[in-house]
Every structure is written in structure tokens, then in C-alpha cells.
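# fold the following for me, if possible:
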Amino acid sequence: MLDDGVTYAEIARTVGGTSTASVGRYAISRKGELAKLIDGEPTTANVIARLLEAADHARDARRHAKLTGSPVHQARMIKSESDVLSKLIDELGVTDMSIAEYLADIEIFTQAVHVMIRDDAHAARALLTAVEQFPELDQFARTLATHLEVLR
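Residues are numbered from 1 along each chain as shown. The predicted structure is shown next:
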């Protein structure tokens, strides 16, 4: 139903016991990373970048607590930093920070592509033609095609 353009609310009404929010979460979870970028939704790269920033802030707070805080405050800051790093490793599988840098670069590049798509329909159509040659990018192609329809 999602691929047919049925609204989240209509799907929630059709499928008993389902909320509109849960349909939205499901739709986001099945969408490819490139399609999320085009739609302005959070991507894995964005989440990783934010977690890295949180880890950096937690590290700074832990260091500051070591100099000025009580042992209890230091322990809290150690736990805070550890929790963020655990999310990166356990939930997102980031074990090498160069992966995070690579993903951040890809996200910036795809934001540039998004600007191109928004500002140049001819270039967007050419991109769609190229993307359609790769079955692995089917979700992205559908999202791009939808945006091109909106631009008309």
C-alpha cells in the first residue's frame, strides 16, 4: 500500500490496531538511505554523526568532571560517554571511526545531489535515467520519480 501512495492514516484505518505513527515508522524503516536523504528524513549517517558529536561532548564533560567534579559526577560522565559509544558499536556496528567520516562525506554529497534535484529538473531527470539502470537503487529511483512529479 505504501508504494501505491496510500496515506499513513488510511493504512492505519485499514489495518486494525495500527496507529498512523507506527505506519510512518515502518515506512521510514523500509526506505533506503538515499531516499531518506531526498525526503529530508534522518539517515544512518546523520544519526552516527550526531552520536559522534554526543560522544565528543560526553568525553569533554568527563575530562572536566575529572578536574573539577566529585567522584560521583565523574562516574556519571564516564557512564554517559560509555552509553553513547555503546550505541555506536552495538546498535549501529560502527567500530572504525573512518566509516563514520566516510558516511558523513556521503551525506554531504547526497545533500548536494538533493539541491541539484530541487533546482534543476532536467538534471534530476537525467539522474533518474541513470539510477534506473541499477536495480539496487529502485527505492531511490521511485522517490526521485515522485519528487519529479511534484516539480511538474
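
# only C-alpha atoms from now on, for both contacts and neighbour counts.
Will do.

# so for stretch 16-26, mean pLDDT?
Taken as a whole, stretch 16-26 carries a mean pLDDT of 70.

# same check, this time on stretch 93-107
Here stretch 93-107 scores 73 as its mean pLDDT.

# for the longest helix anywhere in the chain, packing partners?
Scanning the chain for the longest helix, with DSSP state H as the assignment, gives helix 44-68. On a contact count with 3 or more C-alpha pairs under 8 Å, 6 or more residues apart in numbering; DSSP states H and E, helix 44-68 meets helix 71-86, helix 97-119.

# okay if I get those helices as a markdown table plus distance to residue 129 and mean neighbour count?
Shown next, in a markdown table, are these (distance: least, C-alpha to C-alpha, whole Å; neighbours: other C-alpha atoms under 10 Å):
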| stretch | distance to residue 129 | mean neighbour count |
| --- | --- | --- |
| helix 71-86 | 41 | 16 |
| helix 97-119 | 13 | 15 |
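
# can I get those helices in a markdown table including distance to residue 64?
Shown next, in a markdown table, are the helices and strands packed on helix 44-68 (distance: least, C-alpha to C-alpha, whole Å):
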| stretch | distance to residue 64 |
| --- | --- |
| helix 71-86 | 9 |
| helix 97-119 | 24 |
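
# okay, now residue 45: neighbour count?
Number of residues near residue 45 (other C-alpha atoms under 10 Å) recorded here: 21.

# excluding chain neighbours, what is closest to it?
Nearest residue to residue 45 in three dimensions, chain neighbours excluded: residue 103, at 5.2 Å (C-alpha to C-alpha, 6 or more residues apart in numbering).

# identify each buried residue in the longest helix of the chain, please.
44-46, 48-49, 51-52, 54-55, 58-59, 61-62, 65-66 (16 or more other C-alpha atoms under 10 Å).

# how about those, which pair is most distant?
Greatest spacing in these, by C-alpha to C-alpha: 44 and 66 (32.4 Å).

# re the thing from before, report the distance from the longest helix of the chain to the chain centre.
In terms of C-alpha atoms, centre = their mean, to the nearest Å, the centre of helix 44-68 is set 19 Å apart from its chain centre.

# next one: stretch 7-23
Its chain's average C-alpha position is 23 Å from that of stretch 7-23, according to C-alpha atoms, centre = their mean.
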